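# The sequence isn't on hand, but the structure is:
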């Protein structure tokens, strides 16, 4: 599994951003290979968000983000927010050591 992390700093209309983000969430959540999707807002701010989506594999994520439906929604978000994004893989946890 892989996790897509997208940090969003909203500089446009917040209501319009939230509407577009909600449409994006519905779209992404319905794509094959999407395990989960959630959006977090930084406590104490109105305009900083982190979007997390877990995918079965990189191929499923790639198929979703290269679709025309996704690209159209991404263009709408691009005029409202700057983003910092990346695809992350989970590292195995090291076993606890006795103290």
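Cool, got the structure. On a predicted model such as this, the values are computed, not experimentally measured, just so you know. Residues are numbered from 1 along each chain as shown.

# and the spatially most central residue of the chain, what does it touch?
What sits nearest the mean C-alpha location of the chain, by C-alpha atoms, centre = their mean, is residue 51, with 3.5 Å. Contacts were defined as C-beta atoms under 8 Å, 6 or more residues apart in numbering; by that measure residue 51 touches 4, 5, 6, 7, 8, 21, 37, 38, 39, 40. Bear in mind the C-beta positions are built from the backbone N, C-alpha and C, glycine included.

# for it, which residues make a bridge with it?
Here residue 51 sits in beta bridges with residue 6, residue 39, going by DSSP bridges.

# shouldn't residue 38 be in contact with residue 49?
No - when contacts are counted by C-beta atoms under 8 Å, residue 38 is not listed as touching residue 49 (10.5 Å).

# Neighbour count: these two, which is higher?
residue 49 (20 against 11; other C-beta atoms under 10 Å).

# Tell me where this structure has helices.
Applying DSSP state H to the chain gives helices spanning 14-29, 58-65, 68-78.

# Tell me, how many residues neighbour the closest residue to residue 50 other than its chain neighbours?
In this structure, residue 50 finds its nearest non-sequential neighbour in residue 40, 4.7 Å apart by C-beta to C-beta, 6 or more residues apart in numbering. Using other C-beta under 10 Å, residue 40 has 11 other residues around it.

# And residue 35, by the same measure?
Residues lying near residue 35 (other C-beta under 10 Å) number 13.

# from memory it sits against residue 56, does it?
Yes - contact between residue 35 and residue 56 holds when scored by C-beta under 8 Å: they sit 6.3 Å apart.
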